[in-house]
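Participant: What would the 3D arrangement of this be:
(one chain, ligands or ions: 2)
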Amino acid sequence: MRLRSMLFVPADSERKLAKATGSSADVLILDLEDAVAAAQKPAARAAATSFIAKEAGRLSSRLFVRINPLDSGLALEDLAAVVMPGLAGIMLPKTFSAADVLRLGHYLDALEARCGMPGGEVRIVPVATETAQAMLTMASFVPGIPRLAGITWGAEDLSAAIGAVSNREADGSLSPLYVMANSLCLCAAASAGVAAIDTLHADFRDAAGLAASCATARRRGFRGKIAIHPDQVDIINAAFTPSEAELAAAQRVVDAFAAQPDAGTLSIDGVMVDMPHLKQARRTLGLGD
Ligand code: COA
Ligand code: MG
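Facilitator: Residues are numbered from 1 along each chain as shown. Ligands and ions are numbered 1, 2, ... in the order given. Predicted coordinates:
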């Protein structure tokens, strides 16, 4: 499942739902949570149901829904409304640990059976750093968690949970707790063997800032990024797609090792390359995780 760009679409907005159908985002996340006011939740849920039913054929491997948190009292109704053929995944906000992913997986087992979907088809991407507890339980993301497709992080809800006035320092840089959340997301995703997806760039008119934040994220190991506006999608897709030069360089590393199968380390243009470089090169070429 490709998770380079994941575009949030508030499910209570007919216009945004209509616009989203033409987006080149790898995934559309129909939002039932924080982009939707409490009074609009039932309407948003109904709109998500119709949208998935209508677009199931065209967008089937690309449709996610962000449900309300498991402890909100709304999650089960959300799930009952949207689990149907055509749903590719659930984004789970405000998790406390990987146990929440397992619990959601059990709900999905039942709902998939109800509508005749293959068991395990609906994948899960948790927003794994939105509660204080979650920051202390990130080690729960171990290999082999059923349905887990990726892990993302957020800085806004965490600062609200902590009671911070801001998640930024006086100079505008992210405060240490949120840098830690970013790093823990990378580590937890690698530990679980899934993609790390970077959080959103809120200033959606700032194309240069978005491109820079994508470049930073990609260098750090993120495989994709959340989008909140259609204009962000192409920038994100470009940033997380290897360039021709990167592909060529990776191919050289793979070819060099293929030519010398007994070598553990080699020199290319006077630079040492060994197993971690081969692993990274294979990943760039889409040959490994
Ligand atoms: N998905 C689909 N379409 C979107 C969109 C989105 N996330 N954001 C904007 N659009 C559409 C608008 O409806 C508009 O199309 P229209 O003229 O046919 O109605 C077009 O794109 C241009 O929108 P623009 O005027 O530039 O933005 P806006 O002021 O209408 O909306 C936001 C700005 C931030 C409110 C909007 O982008 C949004 O709702 N983003 C998602 C927020 C969200 O889901 N947050 C939760 C996760 S943190
Ligand atoms: Mg949130």
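Participant: Residue 77 contacts residue 45, doesn't it?
Facilitator: Yes - in this structure, residue 77 is within contact of residue 45 by C-beta atoms under 8 Å, at 6.9 Å. Backbone N, C-alpha and C define where each C-beta goes, glycine included.
Participant: When those two are compared, which one has more neighbours?
Facilitator: When neighbours are counted by other C-beta atoms under 10 Å, residue 77 and residue 45 differ, and residue 45 comes out ahead with 23 against 16.
Participant: Just list the residues touching the nearest residue to the more buried one once chain neighbours are set aside, thanks.
Facilitator: Nearest residue to residue 45, sequence neighbours excluded (C-beta to C-beta, 6 or more residues apart in numbering): residue 81, at 4.7 Å. The contact partners of residue 81, by C-beta atoms under 8 Å, 6 or more residues apart in numbering, come to 45-46, 48-49.
Participant: could you redo the last one with a cut-off of 10 Å?
Facilitator: Residue 81 makes contact with 32, 42, 44-49, 52, 65, 67, 111 under the criterion C-beta atoms under 10 Å, 6 or more residues apart in numbering.
Participant: Repeat that for residue 64.
Facilitator: In this structure, residue 64 makes contact with 1, 3, 6-9, 27-31, 82, 87-91, 122-125, 149, judged by C-beta under 10 Å, 6+ apart.
Participant: Repeat the analysis, applying 8 Å as the threshold.
Facilitator: 6, 27-30, 87-91, 125.
Participant: just the strands in this structure please.
Facilitator: Counting by DSSP state E, the chain has strands at residues 5-10, 27-31, 63-66, 89-92, 123-126, 150-152, 195-198, 224-227, 266-268, 271-273.
Participant: closest to residue 188 out of the ones you listed?
Facilitator: Each of those has some distance to residue 188 by C-beta to C-beta; the shortest is strand 150-152, at 5.5 Å.
Participant: Identify the farthest-apart pair in the contacts of residue 64.
Facilitator: Between any two of these, the greatest separation by C-beta to C-beta is 14.6 Å, found for 6 and 87.
Participant: Tell me how far stretch 140-158 lies from the chain's centre.
Facilitator: Centroid displacement of stretch 140-158 relative to its chain, using C-alpha atoms, centre = their mean, to the nearest Å, is 8 Å.
Participant: so who does whichever residue of the stretch 1-150 of the chain sits closest to ligand 2 touch?
Facilitator: Nearest to ligand 2, among the residues of the stretch 1-150 of the chain, is residue 34, at 4.4 Å (C-beta to the ion). Residues counted as contacts of residue 34 (C-beta under 8 Å, 6+ apart) are 93, 157.
Participant: Quick check: pLDDT value at it.
Facilitator: In this model, residue 34 is scored at 97, pLDDT.
Participant: for residue 274, same thing?
Facilitator: Residue 274 is given a pLDDT of 95.
Participant: how about the residues of the stretch 101-250 of the chain that lie near ligand 1?
Facilitator: 200, 204, 228-230 (C-beta under 6 Å from any ligand atom).
Participant: What pLDDT is listed against the residue nearest to residue 45?
Facilitator: So residue 81 comes in at 98 (pLDDT).
Participant: how close does it get to ligand 1?
Facilitator: Distance, residue 81 to ligand 1, using C-beta to the nearest ligand atom, to the nearest Å: 18 Å.
Participant: before we move on, what about residue 43?
Facilitator: To ligand 1, residue 43 is 15 Å away according to C-beta to the nearest ligand atom.
Participant: Need the phi and psi values for the nearest residue to that residue once chain neighbours are set aside.
Facilitator: In this structure, residue 43 finds its nearest non-sequential neighbour in residue 12, 5.6 Å apart by C-beta to C-beta, 6+ apart. As for residue 12, its main-chain torsions (degrees, to the nearest 10) stand at phi -90, psi 0.
Participant: who touches residue 12 in this structure?
Facilitator: If you count contacts by C-beta under 8 Å, 6+ apart, residue 12 has them with 35-37, 40, 43-44, 47.
Participant: Quickly name whichever of those is closest to ligand 1.
Facilitator: residue 35 (3.5 Å; C-beta to the nearest ligand atom).
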